[in-house]
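quick one: sequence plus predicted model below, questions after.
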Amino acid sequence: MATQEAVMTTVDIANRLYELCKEGHYQQAQEELYADDAISIEPVHAQAPSVTGKDAIIKKGEQFRDSVEEFHGVGASQPIVAGNHFALTITVDATFKGMGKMVMEEVAVYEVKDGKVVKEQFFY
C-alpha cells in the first residue's frame with residue numbers, strides 16, 4: 001500500500017521558512033515550500049516587481065542577490081501564525097552594487113493553501 005505524504009500545516013511551513021530565512025537560504029525556502037503558481041507582491045515604491053509563479057519568484061530572488069556586492073548579515077523573527085496566514089520580519093545587512101551598505105528591514109506576510117505558500121507580500 002502506498003503511503004500518502006502528510007501535508008504541511010501553516011505552523012509547519014512558518015517554522016520551516018523561519019529556519020531557512022534566518023540562515024539566508026531564501027531560494028531553498030521557495031523551492032521547497034512554494035506552490036508553482038504562488039504570487040509575490042512588492043510595495044508600489046519597490047524596485048523589484050510583483051511576480052506570479054514559483055520560477056519567477058526564484059528569478060526575482062536571483063536578481064536581488066546579483067545586486068549585492070557583499071552580505072554582512074541576514075535574520076528573521078519568529079513567525080506569528082493566524083489561520084492560514086503567518087508573518088515574520090526579515091533583515092538583510094548588505095553592501096549593494098552602486099548603492100553602498102544598508103540594512104533592509106521588512107515585514108513579510110504569507111498565505112498557505114494545501115500545504116504550500118501561495119502568496120507572499122512585503123512591507124517596507
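Cool, got the structure.

please count neighbours and contacts with C-alpha atoms only from this point.
OK.

so what's Val11 up against?
Residues in contact with Val11 (Cα atoms under 8 Å, 6 or more residues apart in numbering) are Val81.

okay, and it sits in which element?
helix 10-22 (DSSP states H and E).

how about the helix or strand following that helix: buried residues?
Moving toward the C-terminus from helix 10-22, the next helix or strand (DSSP H and E) is helix 26-33. Using 16 or more other Cα atoms under 10 Å as the test for burial, helix 26-33 gives 26-27, 29-30, 33.

give the rounded mean pLDDT of helix 26-33.
Helix 26-33 shows a mean pLDDT of 96.

elements contacting the helix or strand following it?
Where DSSP H and E defines the elements, the next helix or strand beyond helix 26-33 is strand 34-41. If contacts are counted by 3 or more Cα pairs under 8 Å, 6 or more residues apart in numbering; DSSP states H and E, strand 34-41 sits against strand 51-52, helix 54-66, strand 116-123.

for this protein, longest strand please?
The single longest strand within the chain, with elements called by DSSP state E, is strand 100-113.

and the gap between the residue nearest the centre of the chain and Asp55?
The residue lying closest to the centre of the chain (Cα atoms, centre = their mean) is Tyr26, at 5.9 Å. As defined by Cα to Cα, to the nearest Å, Tyr26 lies at a distance of 13 Å from Asp55.

repeat that for Asp37.
9 Å.

what about this protein, any weak spots by pLDDT?
1-5 (pLDDT under 70).

let's see it at 90
Low-confidence segments of the chain (pLDDT under 90): 1-7, 22-24, 46-48.
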